[in-house]
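> just to be clear, the model below is a prediction. Sequence and coordinates:
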Amino acid sequence: MPLGKDVHSYSNFDEVIVRHIYPHLTVDFNRRILYGFTELAFERKVESATFVRLDIRGLCIEQALLKNKEANTLSPLPWTIPKYHPALGSCLEIDISSVKGAHFVVQVHYSTSTSLSGGIQWFTPEQTFGKEHPFVYTQFEAILARTMIPCQDTPAVKAPYTIAITCPAPLVVACSGAQVGSPTSSGSNLTYIFDQKMAIPSYLIAMTCGAIERRALSANTGVWAEKPLLDRAANEFVETKHFLEVASEIAALPYEGLWGHYDLLVLPGAFPYGGMENPSLTFISSSLITGDRALVDVVAHEIAHSWSGNLVSNSNWGDFWLNEGFTMYFERLILGQIHGDKLRHFHALLGYQDLLKTITDLKDEPEFQKLRPNLDNVDPDDAFSRIPYEKGCSLLLHLEQVVGGKDKMIAWLRKYFNDFKGLSIDSDQMIAHFESFFPNAKVDWKSWLYAPGLPASFDPFSFLDKELFSTCQELAAKWKKGGSGASISDLKWDPAQTMCFIDILINENVPLTKDALKHMEETYKLSETTNVEILIRWIMLNLQNDNVDYIFPSVADFVSKHGRGVYLRPIYNTLIKLSKEGKVDFEKVRAIYIKNKSFYHSVITNTFSKFFGK
């Protein structure tokens, strides 16, 4: 049986498309499952369509029913599961040949799976900050909504959703929408209802349940966290309202008129991303709480997604750069508006350095260096890297130069967001829109989109302000000579410059002796930093210079607290490489992975199970 129009979905959304999703699910912490039913309101686009095909993975299907609203009846519908793929899951095929009319509602009863629920992560009380209650959250990007909901799990399909979640009291539920009323009680359970009126792709449906509380940051913004973390979280993200106001001004489409409120929810360190842009409820990693707001730029990034990604979405995962590349560019516009273009340019150069390193790391996978890679028979998570983020942003910086500056790009972005709001598009549609707005612009789209690496002519150092970057280069030059004259005052600057300084040493593969690394630690106390972005760089710098015995205790501690993929992938990949070179015992590496495996999300364990075993 072939896949649908999207190579990562079985759904026949070109024939029958979902218009509203209504999950009604109960949380069972003892069995680590959700059970209940989901109603899907469909529109038959092709009159002859006799089946509706949905994506599922690990769902135990009980029955499919046709709902007759007028008669208030439910009638059984024939269904089968004709196809399974280890990465994509299964196809739920429901026979609708007996269904009359273009509009109808199907109710699917089921439970999730303990072993295949990759989009649902469960925590015991001991794994939470409060240590008293269990915790569960969902993370569906890219194709994991199908592990909780039978759905057309493709970004090409967008629909509003209304969700009812029943959980044991006194736990609290939060979802990516507006809460409808107060929770209702039944025995020892509470039922929460949330409604998202904007049409969104399935991967943006989000739910969490645990001992969480909300603290208002302003009239329209707030932060959720477990109680032991709430004060720190509220202090860390107090500038959220300002980010929203600046982003709304740039986009010329006010956030509140689109999405209503904006909340952050702080998740345990096992969360595999820095942030996830779930509408109205951004999930954020607790690893980003440093005490000095040094990493709150991630909030600007997730807010930017409210327009690029959530409002205007990529229609397939091969065009993921339309989501993340635009968002990186927009994030830096926000930072530039607040702090000035000098900082915007500095962050762009940081991203460019990160991009060069990623291209080097992917030297054996040229397809994944492309902005529009061929992902046929490839799990989108396996292709995940900084390419769509930073190469995509680099293309937009190039376009900024082509059209004559930032102001002209912002004028185009405003029209782009307005013209495509609520839609899912591909690169061809984006290009046509750009060329219509800038008919005289000359762009080598083929090289940017379909060739690995970067166009040879692209050099952001030739047109971006280099002052802040140059100071980082000067400190790196000092350490290339052994660090003579270094002092703690070297780092009295923006923490991002410390990251840049270490990045230069890593990216240029500067050889540092163990004595030099010891001197750096004694001078800067890098192992004691509360900034996870600086700490990961310090770890990688030591591993790169084979200082394994010294840094391994820090590595073991780090991977037990931080589950973000951009940290774990380079650490474990480097340790695997060093073990093959005989510089670290593989069983020692495997032991720390196995010890922390239950802490990691499935997008991490799926990557490393081939090395360490399941």
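Looks like it came in fine.
> quick one, strands of the stretch 401-550 of the chain?
424-425 (DSSP state E, counting those that start in this stretch).
> send me whichever helix in the chain runs longest as CSV with only the CA atoms.
If you go by DSSP state H, the chain has its longest helix at helix 341-361. C-alpha atoms of helix 341-361 as CSV (Å, rounded to 0.1, in the frame of the first residue of the first chain):
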residue,chain,number,x,y,z
ASP,A,341,21.8,45.4,14.8
LYS,A,342,25.3,44.9,16.1
LEU,A,343,24.0,42.1,18.3
ARG,A,344,21.8,40.8,15.5
HIS,A,345,24.8,40.5,13.3
PHE,A,346,26.8,38.9,16.0
HIS,A,347,24.2,36.2,16.5
ALA,A,348,24.0,35.7,12.8
LEU,A,349,27.8,35.1,12.7
LEU,A,350,27.5,32.7,15.6
GLY,A,351,24.9,30.8,13.6
TYR,A,352,27.1,30.8,10.5
GLN,A,353,30.0,29.3,12.5
ASP,A,354,27.5,26.6,13.8
LEU,A,355,26.4,26.0,10.2
LEU,A,356,30.0,25.5,9.0
LYS,A,357,30.6,22.9,11.8
THR,A,358,27.3,21.1,10.9
ILE,A,359,28.3,20.9,7.3
THR,A,360,31.6,19.4,8.3
ASP,A,361,29.9,16.9,10.6
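> contacts for that helix next, please.
297, 328, 332-333, 335-336, 369, 385-387, 389-391, 393-394, 397, 406, 452-454, 460-461, 464-469, 494, 496-497, 499-500, 503-504, 506-507 (Cβ atoms under 8 Å, 6 or more residues apart in numbering). For the C-beta atoms, the positions are set from N, CA and C on the backbone; glycine is no exception.
> list only those of those flagged as buried.
297, 328, 332-333, 335-336, 369, 385-387, 389-391, 393-394, 397, 452-454, 460, 464-466, 468-469, 496-497, 499-500, 503-504, 506 (16 or more other Cβ atoms under 10 Å).
> list the buried ones in stretch 109-122?
Residues 109-113, 116-122 are the ones in stretch 109-122 that count as buried (16+ other Cβ under 10 Å).
> contacts for it?
By Cβ under 8 Å, 6+ apart, stretch 109-122 touches 29, 31-38, 56-65, 89, 134-140, 144-148, 150, 270, 601-603, 606.
> among these, which are in helices?
Reading helices off the contacts of stretch 109-122 with DSSP H, I get 602-603, 606.
> which one of those is nearest to residue 285?
Comparing the ones in helices among the contacts of stretch 109-122 against residue 285 with Cβ to Cβ places residue 603 closest, at 13.7 Å.
> for that closest one, grab the count of nearby residues.
Neighbour count of residue 603, defined by other Cβ atoms under 10 Å: 23.
> show me the contacts for it.
So residue 603 contacts 118, 139, 272, 381, 384, 565 (Cβ under 8 Å, 6+ apart).
> out of the contacts of stretch 109-122, which are buried?
29, 32-38, 56-59, 61, 64-65, 89, 134-140, 144-148, 150, 270, 601-603, 606.
> so which of the residues you listed sit within strands?
Mapping those onto strands (DSSP state E) picks out 33-38, 56, 61, 64-65, 89, 135-138.
> pLDDT wise, what is residue 268 at?
With respect to pLDDT, residue 268 scores 86.
> I'd guessed residue 208 sits against residue 266; true?
No - the criterion here is Cβ atoms under 8 Å, and residue 208 misses it with residue 266 at 10.3 Å.
> for the stretch 101-250 of the chain, which segments are assigned as helices?
Applying DSSP state H, counting those that start in this stretch to the stretch 101-250 of the chain gives helices spanning 227-236, 240-251.
> same thing with the stretch 351-500 of the chain?
Counting by DSSP H, counting those that start in this stretch, the helices of the stretch 351-500 of the chain are 392-403, 406-420, 427-437, 445-450, 467-480, 495-507.
> which residues touch the fourth one?
Translated: helix 445-450. Counting by Cβ under 8 Å, 6+ apart, 370-372, 391, 395, 398, 427, 431, 455 sit against helix 445-450.
> distance between the ends of stretch 394-410?
End-to-end span of stretch 394-410 (Cα to Cα, to the nearest Å): 16 Å.
> give the buried residues for that stretch.
Neighbour-count burial for stretch 394-410 [16+ other Cβ under 10 Å]: 394-400, 403, 408-410.
> and which of the contacts of helix 445-450 is nearest to residue 291?
Of all the contacts of helix 445-450, the one with the least separation from residue 291 (Cβ to Cβ) is residue 391, at 33.0 Å.
> my guess is that closest one contacts residue 371. True?
Yes - using Cβ under 8 Å, residue 391 is in contact with residue 371, at 5.6 Å.
> overlap in contacts, those two.
Common neighbours of residue 391 and residue 371 (Cβ under 8 Å, 6+ apart) are 321, 325, 448.
> confirm that residue 13 sits in a helix.
No - under DSSP: H, G, I helix; E, B strand; the rest coil, residue 13 sits outside any helix and is assigned coil.
> list the buried ones in stretch 218-236?
Within stretch 218-236, the residues that count as buried by 16+ other Cβ under 10 Å are 220-226, 229-230, 232-234, 236.
> give me the distance between the two termini of stretch 232-244.
End-to-end for stretch 232-244, by Cα to Cα: 21 Å.
> so what's the gap between it and the chain middle?
A distance of 20 Å separates the centroid of the chain from that of stretch 232-244, by Cα atoms, centre = their mean, to the nearest Å.
> and the contacts of it?
215, 217-218, 220-221, 223, 225, 255, 262, 264, 266, 284, 286, 288-291, 293, 296, 299-300, 303, 334, 338.
> at 6 Å what do you get?
Under the criterion Cβ atoms under 6 Å, 6 or more residues apart in numbering, residues 215, 217-218, 221, 223, 225, 255, 262, 264, 266, 289, 293, 299-300, 303 lie in contact with stretch 232-244.
> what about residue 439, neighbour count?
With other Cβ under 10 Å as criterion, residue 439 counts 7.
> for the one 5 residues further on, same thing?
Residue crowding around residue 444 was assessed by other Cβ under 10 Å; the count is 12.
> give me phi/psi at it?
phi -90, psi 80 (degrees, to the nearest 10).
> so how far is residue 328 from it?
21 Å (Cβ to Cβ, to the nearest Å).
> check residue 436 too.
Distance from residue 436 to residue 328, by Cβ to Cβ: 24 Å.
> go on, residue 234?
27 Å.
> before we move on, the earlier item: dump the buried residues of stretch 394-410 into a markdown table; add pLDDT and distance to residue 377 as well.
Output for the buried residues of stretch 394-410, formatted as a markdown table (pLDDT from 0 to 100; distance: Cβ to Cβ, whole Å):
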| residue | pLDDT | distance to residue 377 |
| --- | --- | --- |
| 394 | 98 | 28 |
| 395 | 98 | 26 |
| 396 | 98 | 30 |
| 397 | 98 | 33 |
| 398 | 98 | 31 |
| 399 | 98 | 32 |
| 400 | 98 | 36 |
| 403 | 98 | 38 |
| 408 | 98 | 40 |
| 409 | 98 | 36 |
| 410 | 98 | 39 |
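> closest one to residue 570 out of those, please.
Nearest to residue 570 among those is residue 394, at 20.9 Å by Cβ to Cβ.
> switch the helices of the stretch 351-500 of the chain over to JSON lines; also include distance to residue 80.
Listed next are the helices of the stretch 351-500 of the chain as JSON lines, based on distance: least, Cβ to Cβ, whole Å:
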{"stretch": "helix 392-403", "distance to residue 80": "40"}
{"stretch": "helix 406-420", "distance to residue 80": "37"}
{"stretch": "helix 427-437", "distance to residue 80": "36"}
{"stretch": "helix 445-450", "distance to residue 80": "39"}
{"stretch": "helix 467-480", "distance to residue 80": "59"}
{"stretch": "helix 495-507", "distance to residue 80": "52"}
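> select, out of the ones you listed, the one closest to residue 201.
Nearest to residue 201 among those is helix 406-420; the distance by Cβ to Cβ comes to 13.8 Å.
> now the angle from that closest one to helix 392-403?
Put simply, helix 406-420 runs at 120 degrees to helix 392-403, going by axes from the mean of the first three to the mean of the last three Cα atoms, to 10 degrees.
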